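> after the sequence you'll find the predicted model.
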Amino acid sequence: TALALQKEETVVQQAPAAATATGDNTKTQPVITVIVDDASKFPTVKPPEGENPCAGTKVPLENVECVATAMTNVGPQAGANVTKGYVGGMQVDHDPITVPYWKNKMCPVNVHWHLGTEHYSLGQYDETGTGPMAGSVLDNLDRRLAGADGKVRGGYQCKYYNEDEEKFNKPYVWEHCVGMEVGETYEVHWPHSAAGACGTPNQFQSPFYDGVFCTDGVLSNTAEQIGVQAQVFTIVNDEDYYFPDLMRGMIVDGEMGKDMAIYTGSTTGTSRDNEICSQYSPITWQVDRTCHMISASSFDKMCADMKSQRDDMSDDLYAHGSRELVDDAFAADNQQNRN
């Protein structure tokens, strides 16, 4: 477990030695004992320096007024209501990607997360959710994160939090992530693109736009070639909820990644709301409707992995603000289910 990397010895077994001349094949396996202390539980090592062909490839598209241009320039927006049965009010003439993105020759090009959720799933992450900093959703208060430069708007929350349970209130010593808190809800996004530098040391990029638009001449239909995975977690200080490879994409295991809402929308973030809209649209969203618990160490390991990328991902090591829920008028009418 992750705890074994914090305070205990790790024993690595080598392959059995060759049999002796007497024919004895029951050799004792030699071992190497590695001591890993708290300070290096998730070490970071970057690949060799090299050219980053994705740097600066973002296609600049300014935000626009939603209502004034809704019929001509604005495509469907995100994050939307993903409650099963919901139908958005914007009629669109395209479909989202319904298969896993890897089947569509797309790869993840970034990972980042938002404080609270930008999407809304009734009964899972909604206005009745709670956390150690509860109240910001209903009151639309800004909250300053420790270590983050600026104010961050919180979104909806899950319902797991119980201030009397140790896993929700026991502090975690963060080594790599910035401004995170046990008990809080975060929505993680993995942008994917067919134009990413897939399978190379330059695959993961910050800002994510550089990863999405990295390879020129590939993108011809954004709804079919750009997509985002979204999954919602409440952080707990409990190693029973440890997942070691969160950076690489949504967790699909048992109930995780099972009940999916799929629709087309846009990029998100607090520079957009229901008056100012994103022009990065349409893109596919595949959103897990269910809340899950995950260990703080899973996030810290993810941040360590981010620090180990060739591109500098330090701008994504903390939670970004959550865009307010998209009005029905700007939500696509093409939401589909995958179970």
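Sure thing, it's come through.
> packing partners of the helix ranked longest in the chain?
The longest helix of the chain (DSSP state H) is helix 296-307. The helices and strands touching helix 296-307, judged by 3 or more CB pairs under 8 Å, 6 or more residues apart in numbering; DSSP states H and E, are strand 226-236. Where you see a C-beta, it was placed from the backbone N, CA and C, and this is true even at glycine.
> okay, buried residues for the next helix-or-strand element following the strand it packs on please.
The element immediately downstream of strand 226-236 (helix or strand, assigned by DSSP states H and E) is strand 260-265. Neighbour counts over strand 260-265 (16 or more other CB atoms under 10 Å) mark Met260, Ala261, Ile262, Tyr263, Thr264, Gly265 as buried.
> looking at the longest helix of the chain now, give me its mean pLDDT.
Mean pLDDT, helix 296-307: 98.
> may I see the buried residues of it?
Ala296, Ser297, Ser298, Phe299, Asp300, Lys301, Met302, Cys303, Ala304, Asp305, Met306, Lys307.
> stretch 167-179 now?
For stretch 167-179, the neighbour count (16+ other CB under 10 Å) marks Lys167, Phe168, Tyr172, Trp174, Glu175, His176, Cys177, Val178, Gly179 as buried.
> that one: how far from the chain's middle?
Counting by CA atoms, centre = their mean, to the nearest Å, stretch 167-179 is centred 18 Å from the centre of its parent chain.
> stretch 176-189 now?
Counting by CA atoms, centre = their mean, stretch 176-189 comes out at 10 Å from the chain centroid.
> what does stretch 217-228 give?
Computed by CA atoms, centre = their mean, the chain-centroid distance of stretch 217-228 equals 19 Å.
> next, the distance between the ends of it.
End-to-end distance for stretch 217-228: 21 Å, by CA to CA, to the nearest Å.
> quick one: the strands in the protein?
Along the chain, the stretches classed as strands by DSSP state E are 9-13, 31-35, 64-65, 107-108, 112-115, 142-144, 151-153, 185-193, 226-236, 260-265, 276-277, 283-295, 336-338.
> tabulate those (CSV), appending distance to His320.
Shown next, in CSV, are the strands of the chain (distance: least, CB to CB, whole Å):
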stretch, distance to His320
strand 9-13, 35
strand 31-35, 36
strand 64-65, 21
strand 107-108, 17
strand 112-115, 5
strand 142-144, 13
strand 151-153, 7
strand 185-193, 9
strand 226-236, 13
strand 260-265, 16
strand 276-277, 16
strand 283-295, 16
strand 336-338, 26
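> where are the low-confidence patches of the stretch 1-150 of the chain?
Residue ranges of the stretch 1-150 of the chain with pLDDT under 70: 1-40, 68-72, 134-150.
> hmm, back to that, of the buried residues of helix 296-307, closest to Val99?
Set against Val99, the nearest of the buried residues of helix 296-307 by CB to CB is Met302 (25.0 Å).
> for the closest residue to that closest one other than its chain neighbours, list the residues it contacts.
Residue nearest to Met302 in three dimensions, not counting chain neighbours: Leu246, with 4.2 Å by CB to CB, 6 or more residues apart in numbering. Going by CB atoms under 8 Å, 6 or more residues apart in numbering, Leu246 touches Val111, Val188, Ile294, Ser298, Phe299, Lys301, Met302.
> same thing but 7 Å
Residues near Leu246 by CB atoms under 7 Å, 6 or more residues apart in numbering: Ser298, Phe299, Lys301, Met302.
> could you give the number of residues near Met250?
22 (other CB atoms under 10 Å).
> coming back round to it: and of the buried residues of helix 296-307, the nearest to Gly50?
Among these, Lys307 lies closest to Gly50 (CB to CB), at 17.0 Å.
> from Ile235, how far off is that closest one?
Distance of Lys307 to Ile235, given as CB to CB, to the nearest Å: 19 Å.
> and if you look at Val99?
30 Å.
> neighbour count for these two, which is higher?
For Val99 versus Ile235, neighbours defined as other CB under 10 Å are more numerous around Ile235 (28 against 10).
> hmm, the more buried one is touching Val188, no?
No: with contact defined as CB atoms under 7 Å, Ile235 does not reach Val188; the gap is 10.9 Å.
> could you pull out the helices for the stretch 51-200 of the chain?
For the stretch 51-200 of the chain, the helices defined by DSSP state H, counting those that start in this stretch cover 66-69, 136-139, 166-169.
> ends of stretch 246-257, what's the gap?
With CA to CA as the measure, stretch 246-257 spans 13 Å from end to end.
> make that stretch 246-254, sorry
Terminal residues of stretch 246-254 lie 16 Å apart, using CA to CA.
> how far away from the center of its chain is that stretch?
9 Å.
> and for Phe168, nearest residue in space, chain neighbours not counted?
Among residues not flanking Phe168 along the chain, Gly183 sits closest, at 4.3 Å (CB to CB, 6+ apart).
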